[in-house]
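> sequence-free structure coming up:
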């Protein structure tokens, strides 16, 4: 660069820095990483959402009965009590989220209707659940009904396994070779799950599903014309959560963290920190996938009246993820799905004082997923104001530590292909 050119360059740079706007060179911001403006420490994130999913909720007996052809259950050395359901609610309240409770319902059967579905329990046609019928059912049902904003009942199964001739094989929906159970049986198990919900007025049929024992096939399995997802979609379920590592036909998944099976989004659970029967759990490992998966015993105490001691450990573990610029706790499963597709596919471009959104890849997905909204985080050395063009800022909040971290909840405008956020510095 010549001396004359350098002087012109410096003059232009000084003039730009004197303006009220935050200016930076054009750069592409990956949805999974940040874009930076060095002069103001400006970084922009579409944070990865984290959803809490708790398996094997619903048992009253804690006994692992697998050695004598009963279900694995939760494996704890005590029975479950209503306080164990309240623990899930308290976790949700403390974090401002709606944990998914993947639920097993056979021990909720007040009228022994499961005798008509012998593949669902170890007693078959001789099913008798009278041992587990008591006031505790009403207490737990009331907890669930009165706290729906902090307890999402999710389909897990009826008896967790699948019984034929008095012996079970794993698992209820799909066998260990990846083949879905006969479609007529799948339909019946879904029917009876709904009937058990109605016995206790637990609300409308769930929209989410976690396969028992993580036995699941993405798309139709060998010998089946349709997939399990197709049968679930007929019941209004639009979201499946399961580890991709153990999923059959995982090569069919279209994206790294999620795929669509007959328009049902299937999201990678990743690896849980603890084995399923760890009782209680003390979480410490960092999350690397969008699901914080655990089993019910991991968040309970051997003495139910001390459950909140363990819950508080999970609160202390999870809360900091909301304070990270690149991550966030999803308030519910709908937001979780929306945010994950934006995190994975939506692109942003930092151009001058504009954040420009490109939704073209996101909008190729089915079911209008990604059309509602998203959350972005903006980290900067200095306070800024935001205005929007082509998108609505529904809310914003900020925290200040070493830097300012702004969180913006955005809602897309119908039929918009792109949008902008305009940043200006507060002097």
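Thanks, I have it. Remember, it's a predicted structure, so these values are computed and weren't measured experimentally.
> all strands for the stretch 1-150 of the chain, in order.
27-29, 35-37, 42-45, 48-57, 100-104 (DSSP state E, counting those that start in this stretch).
> what helices or strands is the third one leaning on?
Pointing back at strand 42-45 there. Applying 3 or more CB pairs under 8 Å, 6 or more residues apart in numbering; DSSP states H and E, one finds that strand 42-45 contacts strand 35-37, strand 347-351, strand 373-380. In short, each C-beta sits where N, CA and C put it, glycine included.
> pLDDT (mean, whole number) over that strand?
For strand 42-45, the mean per-residue pLDDT is 92.
> likewise the second one?
Computed over strand 35-37, the mean pLDDT rounds to 50.
> returning to that earlier point: find the one among the helices and strands packed on strand 42-45 with the highest mean neighbour count.
strand 373-380 (a mean of 21; mean count of other CB atoms under 10 Å).
> given that strand, what are its sheet partners and their directions?
Under the criterion DSSP bridges, strand 373-380 sits next to strand 42-45 (antiparallel), strand 404-412 (antiparallel) in its sheet.
> residue 164 reaches residue 119, doesn't it?
Yes: checked against CB atoms under 8 Å, the pair residue 164 and residue 119 is within contact range at 6.6 Å.
> one step back: of all the strands paired with strand 373-380, which one comes closest to residue 340?
strand 42-45 (13.8 Å; CB to CB).
> ok, back up a step: deepest-packed of the strands of the stretch 1-150 of the chain, please.
Mean neighbour counts for the strands of the stretch 1-150 of the chain (mean count of other CB under 10 Å) peak at strand 100-104, with a mean of 27.
> for the strands of the stretch 1-150 of the chain, give me JSON lines that also has distance to residue 409.
Listed next are those as JSON lines, based on distance: least, CB to CB, whole Å:
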{"stretch": "strand 27-29", "distance to residue 409": "19"}
{"stretch": "strand 35-37", "distance to residue 409": "20"}
{"stretch": "strand 42-45", "distance to residue 409": "14"}
{"stretch": "strand 48-57", "distance to residue 409": "12"}
{"stretch": "strand 100-104", "distance to residue 409": "21"}
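> compare these and give me the one nearest residue 187.
strand 100-104 (18.5 Å).
> residues touching the residue positioned nearest the centre of the chain, list them.
Closest residue to the average C-alpha location of the chain: residue 51 at 3.4 Å, with CA atoms, centre = their mean. Residue 51 sits next to 97, 100, 241, 290, 291, 292, 329, 330, 333, 336 when contact means CB atoms under 8 Å, 6 or more residues apart in numbering.
> swap in 7 Å and give it another go.
100, 290, 291, 292, 330, 333, 336 (CB atoms under 7 Å, 6 or more residues apart in numbering).
> looking at the residues you listed, which are in helices?
Judged by DSSP state H, helices contain the following of the contacts of residue 51: 333, 336.
> got a winner among the contacts of residue 51 for most neighbours?
residue 100 (29 neighbours; other CB atoms under 10 Å).
> mind listing the residues bridging to that one?
In beta-bridge terms (that is, DSSP bridges), residue 100 pairs with residue 53, residue 152.
> what about residue 252, distance to residue 262?
11 Å (CB to CB, to the nearest Å).
> hmm, I typed the wrong one, I wanted residue 92.
On the measure of CB to CB, residue 92 and residue 262 end up 30 Å apart.
> who has more neighbours, those two?
residue 92 (22 against 16).
> show me what contacts the residue nearest to the more buried one when sequence neighbours are not counted?
Distances taken as CB to CB, 6 or more residues apart in numbering place residue 150 nearest to residue 92, at 2.9 Å, with adjacent residues excluded. Residue 150 is in contact with 89, 92, 93, 98, counting by CB under 7 Å, 6+ apart.
> of those, buried ones?
Using 16 or more other CB atoms under 10 Å as the burial test, the contacts of residue 150 include 89, 92, 98 as buried.
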